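Student: Predicted model and sequence below, questions to follow.
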Amino acid sequence: MGLAQAWSVALCGVDGLPVEIEADVGVGQPRTHLLGLPDASLHESKERVKAAVRNSNEEWPKQRIVLGLSPANLPKGGSSYDLAIACATLAAAGSVPPDRLAGTVLLGELALDGRVRPIRGVLPSLLAARRAGLHTAVVPVDALPEAALVDGVEVHGAVTLSEVLAWLRAELAALQPPSPAEEPGPPEGPDLADVVGQPEARWALEVAAAGAHHLLLSGPPGTGKTMLAERLAGLLPPLTRQDALAVTAVHSVAGVLTSDSPLVASPPFVSVHHTTSITALVGGGTGMAKPGAASQAHKGVLFLDEACEFGPKTIDTLRTALEAGEVRIARRDGVARYPARFQLILATNPCPCAPPKEIDCVCTPIVRRRYQARLSGPLLDRVDLRVRMRATTAMSNADAAPPEPTATVRERVLKARTRAATRWSSHGHSWPTNAAVPGPALRREFALPRPTTALLDRALATGALTGRGADRCLRVAWTLADLAESARPTADHVAAALNFRERRSK
């Protein structure tokens, strides 16, 4: 008879909360009681753990076992508690010493034969454990590279339950240490030099990369819309350590991390098919909501090809995320918050028939307007740059200058981003890009002279531009000034930013 404690972590979105697992082995009929609002998969852990212990040549207590998961009012689910439940129970029964369980977080699902299987969310779980003062962690060996990203926590990898129990019995070499971390190499992606022609669209892509602006590419099929969108991520600077951990945490919860590349060091590129559901796009699911494509594209690019083919309700779910930079999903078990500060790239044909030449279009004006109206006004108002692409007129470019490669354009983008970050930080702000600057700050602290913004004032007076649209024009104007190495935007920069917002589909 005895009492022992072990630690695990419950995840709510990408936020973790340490869970204390108490095991009481006492007199009574042999039965296991699990308390603390467990879901169905956690209820099944009683049988998984019992079989794993027996198949690890250990004796399961033939007494009454009460397992309490605290905080008791927090709903808990998943199989990540298996390893902690097994160790706490055996420690309470006196099979293993409880000394090492203090200050140690145990994460892992147990197979019936005692193997420790990988789980989702190891990185955010260990970040939460570190904040709670836990200094040691035992994780599945497959998750060891991911766990090693957390500084300040001594990490051990386990293949089987027997290894964990041997470690608790002071066999120091029973568990595997993490391998030395390797710096990720530069990302390999498609080159911008592959795109033929389309100078206006290439310039818009550069502006979008320099200021983190959203972009709409419209034009006939085969003009290079998808090719350009796929090359945007290559123009973006590498992620900072803090941003890389935030992106990796989302990917860990989503279950898309691999042991070969545990740290997402480059801006992610997520392409979504037009048949995707709302749940797959912004997140959801039963119980605690899972992250969707919008959150997986955090600090990167979310590309919606054939945007007008998306259901209006589906694509409009992005409107809040574009403003707030996060997705909040309320469920019975709580509110899950996932970061979703991405660059949105939309690509669409001008009409349903989409011929290579507009003169061959058979769609009536009503059909064209109805097709384009699938992108709602409120959504388009959040898109900073809109470009109409033209059909390619010549395949041979022997007499033309070679297109600029990604490396050349990225150099200009990095310089522009550095100028912007330096400017905002010199005024005591931490905005990383021009797109992150709040509208009130642009209109008050960084207000431009009235002659410079005359075109914007006229567009606002005539109703051609909303207040949100005017703020976004100002952000684009600042980006154009940064690319031109100008101290402040001029009237020409404002006019060019306003021209980018015009929807020139006919």
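Tutor: Right, received. Where do you want to start?
Student: Please make it C-alpha for all contacts and neighbour counts, starting now.
Tutor: Noted.
Student: mind saving the C-alpha coords of stretch 337-355 as CSV?
Tutor: Extracted in CSV, the C-alpha atoms of stretch 337-355 (Å, rounded to 0.1, in the frame of the first residue of the first chain):
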residue,chain,number,x,y,z
ARG,A,337,-5.9,29.3,-29.5
TYR,A,338,-3.5,28.7,-32.3
PRO,A,339,-1.2,31.4,-33.8
ALA,A,340,-2.0,32.1,-37.5
ARG,A,341,0.0,35.2,-38.6
PHE,A,342,0.5,34.1,-42.2
GLN,A,343,0.7,35.7,-45.6
LEU,A,344,-2.3,34.9,-47.7
ILE,A,345,-1.8,34.3,-51.4
LEU,A,346,-4.9,33.9,-53.6
ALA,A,347,-4.8,32.7,-57.2
THR,A,348,-7.9,32.7,-59.4
ASN,A,349,-9.1,32.7,-62.9
PRO,A,350,-11.2,35.7,-64.1
CYS,A,351,-14.2,33.6,-65.1
PRO,A,352,-15.4,29.9,-65.0
CYS,A,353,-14.5,29.1,-68.6
ALA,A,354,-11.0,30.7,-68.3
PRO,A,355,-9.8,30.7,-71.9
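Student: In it, which of the residues would be classed as buried?
Tutor: Using 16 or more other C-alpha atoms under 10 Å as the test for burial, stretch 337-355 gives 337-352, 354-355.
Student: ditto for stretch 272-291
Tutor: Buried residues in stretch 272-291 (16+ other C-alpha under 10 Å): 272, 274, 277-284, 288-291.
Student: Straight-line length of that stretch, end to end?
Tutor: In stretch 272-291, first residue to last residue: 14 Å (C-alpha to C-alpha, to the nearest Å).
Student: do the same with stretch 430-444
Tutor: End-to-end distance for stretch 430-444: 17 Å, by C-alpha to C-alpha.
Student: any idea of the mean pLDDT in it?
Tutor: Mean pLDDT, stretch 430-444: 92.
Student: where in the stretch 251-400 of the chain is pLDDT low?
Tutor: 287-288, 333, 392-400 (pLDDT under 70).
Student: Tell me where it has helices.
Tutor: 278-282, 293-296, 312-316, 318-324, 365-372, 377-380 (DSSP state H, counting those that start in this stretch).
Student: buried sites along the biggest helix by length in the chain?
Tutor: In the chain, assigned by DSSP state H, the helix with the most residues is helix 406-426. For helix 406-426, the neighbour count (16+ other C-alpha under 10 Å) marks 406, 409-410, 412-414, 416-417, 419-422, 424 as buried.
Student: what sits up against it?
Tutor: 191-193, 206-207, 209-211, 231, 234-237, 430-434, 479, 482-483, 485 (C-alpha atoms under 8 Å, 6 or more residues apart in numbering).
Student: What of stretch 269-285?
Tutor: 230, 233, 289-297, 300-307, 309-311, 313-315, 317-318, 327, 329.
Student: again, but for stretch 51-58
Tutor: For stretch 51-58, using C-alpha under 8 Å, 6+ apart, the contacting residues are 59, 60, 86, 110, 111, 112, 113, 114, 115, 161, 162.
Student: just to revisit the earlier point, buried among the contacts of helix 406-426? Make that a PyMOL selection.
Tutor: Command for PyMOL, covering only those of the contacts of helix 406-426 found buried under the criterion 16+ other C-alpha under 10 Å:
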select buried, resi 191+192+206+207+209+210+211+231+234+235+236+237+431+432+433+434+479+482+483
